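**Q** compute the structure for the input listed below.
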Amino acid sequence: MDFLSVVGVILAFAAILGGNYLEGGHISSLVNVPATLIVLGGTFAAVSLQTSFVLLKRTLRMLLWVIVPPYVNIEGGMEKVISWSMRARKEGLLGLEALAEKEPEPFAKKGLQLLVDGQEPEGIRRVLEMDLDSQEQYSLEAANVYEAMGGYSPTIGIIGAVMGLIHVMSNLEDPASLGTGIATAFVATIYGVAFANLFAFPVANKLKEVIKRQSIYREMMIEGIISIAEGENPRVIDLKLKGFQMP
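**A** Next comes the predicted model:
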């Protein structure tokens, strides 16, 4: 679990609600159903219009990555590659066949199978890099949907504010309805800006960080597998892969 994401959510609510309280406001003043409907409904409607159903489902599913990101163990992957290189040096590339059958990680499994099949290093690189690029693009599409949400919601919040002011201007003769219209106007703006800057953009950036880490892991795998295919010494491979270690 990514506890920093949980802390971020708690701090966001604490900062807004705490600031509102210190200014003498009440939580009830920030609760407005029409403003919520306008901002959230309008934002999801705009995103749904530009996004396919399959991508939207994947986007919602990947939201879980913010709290429980996929486990990426770069150091463990490096140790795995070094053990492969030592085995290949002793038993030849065919000695990796049993490991390829048992390897649970799909990307590494594909690389091992290409090694065992005797593919040329450049051929292995082309196949794995194509796989890496397609998986990275596949995941980035979902992150871009959250970025789009962050772009739409402030503008839709302004639409809500204008609608609230229109309601106020059309009911000037009824002072009792003025408060509701003005509240909707200002709260809709707050919702739009808060949704973008406390949810949509942070989620998009968090997903991109996870995707980047996955890509670094796969790049490390590619370099390690190519080095094995070229028959490099395990010590040299170890030194090469240490460049992929992340602080």
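
**Q** please name the nearest non-neighbouring residue to the residue positioned nearest the centre of the chain.
**A** The residue lying closest to the centre of the chain (C-alpha atoms, centre = their mean) is Leu207, at 1.4 Å. Excluding the flanking residues, the one nearest Leu207 by C-beta to C-beta, 6 or more residues apart in numbering is Ala143, at 4.0 Å. Every C-beta, even on glycine, is put in place using the N, C-alpha and C of the backbone.

**Q** distance of that neighbour from Ile228?
**A** 32 Å (C-beta to C-beta, to the nearest Å).

**Q** mean confidence score for whatever helix or strand Val7 lives in?
**A** Applying DSSP states H and E as the criterion places Val7 in helix 3-22. Taken as a whole, helix 3-22 has an average pLDDT of 76.

**Q** which residues does it contact?
**A** His26, Ile27, Ser29, Leu30, Val66, Ile67, Ala194, Leu198, Pro202, Lys206 (C-beta atoms under 8 Å, 6 or more residues apart in numbering).

**Q** of those residues, which is the nearest to Arg89?
**A** Nearest to Arg89 among these is Lys206, at 40.4 Å by C-beta to C-beta.

**Q** assign the closest one to helix, strand or coil.
**A** Following DSSP: H, G, I helix; E, B strand; the rest coil, the label given to Lys206 is helix.

**Q** chain center to the helix or strand hosting Ile226, what's the gap?
**A** Here Ile226 sits within helix 201-229, counting by DSSP H and E. How far helix 201-229 lies from its chain's middle: 13 Å, per C-alpha atoms, centre = their mean, to the nearest Å.

**Q** if anything else comes up later, I'll come back, but that's it for now.
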